[in-house]
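> Need the 3D shape of this:
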Amino acid sequence: MKIISIVFFIVLNCNLASLAVDITNEGAYYENITYQCKIDGNKARLIRNEKLVILEARGSKYCQFDEYENKFIDLKNLQIRLVDSSGKEVLSENKKSFLKSCGFGTGSEIYSDICNYTKEVIYSKYPFFVEFESESELKSLFFWGGEYFQGRLPRAHVSYELDCPKDFKFVYKVYGLNIQPEIKEDGGRVQYTWRADSVPGVKSVDFAPDGYPELGRIVFLAEKFDFAGKEFSGEGWKEIGKWHLELAADCYLPIPVVPEPKAFTSADIRAAAKSIYAEIIDKTRYVAVSIGRSGWKPAKADFTQAKGYGDCKGLSTLLISRLRNKGIEAHSVLALTRGEGLIDSSFPSINFNHVFVMAIAGEDTIWMDPTCNECPFGELPNQDENIFALVVTDTGGVAVRTPASAMDNNRIIRATEAHIDSRGSLGFTTKFEYYGNYAQSLKNRIAHLDDNEKQTLANEYLSGGSKKFAVSQYNFENISGILEPFILTLGAERKKPLDQIQNVLYMEPFIFESLSDMEQMDISKRNIPIDQGFPRLKEHIVKITWDSATALDSIILPPSDSVSFPGGKVKVTFEKKSDLITAHLVGLYNGELIAVSDFATFDTYRAGLRNILTRQVKFYKKVY
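As a prediction, the model looks like this:
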């Protein structure tokens with residue numbers, strides 16, 4: 001970290017700025033994007049200017065412009081202007097022409113005080129140019145976070161201009177670009193300008209780990225700001241934790257006049273915490289209503305308890321209150337959930353979107369997310385697992401990594417009984433058992449499905465679906481249970497008889513197995529790791545019988561085999577005893593990233609697995 005004057009300069013080296021802009025793929029590019037930010041006290045004024053060039057019809061999908069405002073961000077002005085290739089102005093409109101929509105939340109957020117402004121520009125004479133300008137006032141530097149220099153479209157020129165008092169202190173970090181600021185002093189103020197040219201567009205990548213691909217951007221944190229009546233001062237994780245601690249200080253339940261019996265031993269603590277957690281997830285529901293500072297400051301715990309609902313902050317505050325009143329040490333955990341980005345542990349920020357709970361039991365920790373009604377005690381949902389987080393202790397924030405689930409916790413167990421009749425038709429019944437993250441996801445999904453959607457879901461479990469198989473029966477069990485696995489029992493028949501060539505009948509034993517999307521994707525030009533997701537185990541036991549009237553001369557089984565790569569292993573075995581064939585598949589995956597250096601091994605694994613899954617049992621019929 002390099003320190004110059006009042007600001008910390010941190011730059012990650014990259015050669016993006018040396019690349020020419022590729023404008024051929026998307027039919028559009030940005031000729032210029034400029035951000036101008038002026039700091040005065042605890043407020044900031046931000047002006048964004050964009051000049052978008054639409055080259056051809058396929059680029060028109062980028063002609064939608066959006067901005068928003070809320071209680072703390074006042075949208076002062078919007079301007080949009082369309083100019084044709086001759087320089088003639090075709091359109092010039094202001095904020096009044098934008099479509100305004102207010103109150104619509106996302107996901108479980110049923111109401112939000114955010115108002116969105118949207119404008120779509122439609123024009124068919126190419127090329128043309130769209131100039132867009134927005135001006136906003138940030139009423140607290142809490143909302144001053146930085147901007148992206150890079151996105152899906154190429155950008156010929158991007159700049160961020162910061163105008164601030166000379167004694168204004170802040171920290172910043174640049175990612176993905178090798179740029180240094182130009183600095184000018186003018187009386188009692190300083191102007192910083194970061195510029196980047198020829199910034200290429202970046203497309204999303206399947207199975208990319210959080211933080212990949214790394215987009216060029218700049219992030220800021222003011223060393224002092226005030227929000228919701230609480231002043232932040234500092235630049236580290238500890239200070240960020242202190243600020244959140246003060247923000248929520250008046251939201252907890254009062255200490256009872258008659259103290260509750262306390263839990264002392266680790267076993268007592270776990271038992272008491274389990275009981276409290278079970279009661280809260282049973283009697284409350286996750287519902288978010290964001291009005292003003294409630295989007296960041298928790299609702300009071302007694303309100304959440306009385307109403308029976310709350311957002312992540314409110315439910316966590318209630319759970320912490322109940323645990324503390326039982327004598328159990330418990331703390332808020334601030335996190336940016338999996339799939340929403342990556343927090344840089346070396347650069348403290350307030351870029352969190354979720355809150356859950358950590359309790360202490362002797363030398364151990366207990367992690368609980370009261371927004372997850374499908375999560376057993378002590379287990380986090382996948383979105384909270386193995387990510388950077390900030391535990392808000394009584395002395396400030398402590399940076400941690402949340403625990404990852406164990407491979408054995410996330411299991412798929414399939415048991416199939418298949419029968420081949422005298423006509424060569426295949427019928428089977430399979431029992432699926434899902435544990436851990438699989439069970440949580442499926443229980444949450446199926447709770448919102450009607451009967452037709454459940455039928456569709458049942459067909460999805462068959463490799464080849466309804467085109468290849470006819471489902472005769474299905475039944476879901478333990479839809480609402482927390483501790484029990486999610487169970488599907490499925491009966492089906494193959495629509496066509498098994499393939500037969502001369503006197504040989506062919507059957508692929510692993511009916512439900514196929515290569516996953518990750519195992520099929522093209523990685524020949526990929527230069528970032530592959531995210532496997534969470535650790536998991538899958539097992540499939542297939543027992544095959546056949547009609548006694550079928551006269552067989554012999555049965556040839558595929559060889560037992562295994563394939564592996566650094567992130568996992570699949571093993572198959574085959575066995576015949578009397579009139580029963582047993583095929584057994586076990587797959588183990590550690591959930592670790594697949595490094596680019598391991599792609600060759602992963603490719604070999606994929607080819608081997610494809611071969612294993614297509615191997616067939618051969619039934620030789622007697623020829624008379």
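
> How is the residue nearest in space to the middle of the chain assigned, secondary-structure-wise?
Among the residues of the chain, Gly339 comes closest to the average C-alpha position under Cα atoms, centre = their mean, at 2.1 Å. Judged by DSSP: H, G, I helix; E, B strand; the rest coil, the three-state class of Gly339 is coil.

> Do I have it right that it meets Asp210?
Yes: A contact is recorded between Gly339 and Asp210 when judged using Cβ atoms under 8 Å, the distance being 6.8 Å. From N, CA and C alone the C-beta is placed, and that goes for glycine too.

> coming back round to it: for the residue nearest to the centre of the chain, give me the backbone phi and psi.
Recorded main-chain torsions at Gly339 are phi 90, psi -10, according to degrees, to the nearest 10.

> Please report how far it lies from Val563.
Between Gly339 and Val563 the distance, using Cβ to Cβ, to the nearest Å, works out to 29 Å.

> Check which residues of stretch 434-451 are buried.
Of the residues in stretch 434-451, those scored as buried under the neighbour-count criterion (16 or more other Cβ atoms under 10 Å) are Tyr434, Tyr435, Gly436, Asn437, Tyr438, Ala439, Gln440, Leu442, Lys443, Ile446.

> ok, the residue nearest to the centre of the chain - contacts?
For Gly339, the set of contacting residues under the criterion of Cβ atoms under 8 Å, 6 or more residues apart in numbering consists of Asp210, Gln383.

> Show the pLDDT at it.
According to the predicted model, the pLDDT of Gly339 comes to 91.

> How about the secondary structure of the residue nearest to Ala583 when sequence neighbours are not counted?
Distances taken as Cβ to Cβ, 6 or more residues apart in numbering place Pro509 nearest to Ala583, at 3.9 Å, with adjacent residues excluded. Reducing the assignment at Pro509 to three states with three-state DSSP gives coil.

> Pro509 contacts Thr582, correct?
No: under the contact definition of Cβ under 8 Å, Pro509 does not touch Thr582, with a separation of 9.2 Å.

> which neighbours do these two share?
Common contact partners of Pro509 and Thr582 (Cβ under 8 Å, 6+ apart): Val542, Ile544, Phe574.

> Just among these, which is most surrounded?
Ranked by neighbour count under the definition other Cβ atoms under 10 Å, the shared contacts of Pro509 and Thr582 are headed by Val542 with 25 neighbours.

> State the distance from the residue nearest to Ser548 when sequence neighbours are not counted to Lys61.
Once its chain neighbours are removed from consideration, Ser548 has its nearest residue in Asp579; the separation is 7.7 Å (Cβ to Cβ, 6+ apart). Distance, Asp579 to Lys61, by Cβ to Cβ: 61 Å.

> quick one on the thing from earlier: do you know how far the residue nearest to Ser548 is from Arg526?
According to Cβ to Cβ, Asp579 stands 48 Å off from Arg526.

> quick one: which of those two has more around it?
Set side by side, Asp579 and Arg526 show more neighbours around Arg526, with 16 against 11, by other Cβ under 10 Å.

> where does the more buried one fall, phi/psi-wise?
Per-residue torsions, Arg526: phi -80, psi 140 (degrees, to the nearest 10).

> List the contacts of the strand or helix carrying Thr489.
Thr489 belongs to strand 486-494 when assigned by DSSP states H and E. Judged by Cβ under 8 Å, 6+ apart, the contacts made with strand 486-494 from elsewhere in the structure are 425-434, 438-439, 442-443, 446, 458, 461-462, 468-479.

> and what of stretch 370-382?
Among residues not part of stretch 370-382, those counted as contacts by Cβ under 8 Å, 6+ apart are 108, 270, 273-274, 277-278, 280-281, 284-286, 311-312, 315-316, 318-319, 338, 356-357, 366-369, 402-403, 405, 409, 436-437, 439-441, 443-444, 482-483, 533-534.

> Which members of these are positioned in helices?
Using DSSP state H, the members of the contacts of stretch 370-382 that fall within helices are 270, 273-274, 277-278, 280-281, 312, 315-316, 318-319, 437, 439-441, 443-444.

> out of the contacts of strand 486-494, which are buried?
When the contacts of strand 486-494 are checked for burial by 16+ other Cβ under 10 Å, the buried set is 426-428, 430-434, 438-439, 442-443, 446, 458, 461-462, 469, 471, 474, 476, 478.

> which one of Pro509 and Thr582 has more residues nearby?
The residue with more neighbours, out of Pro509 and Thr582, is Pro509; 24 against 15, by other Cβ under 10 Å.
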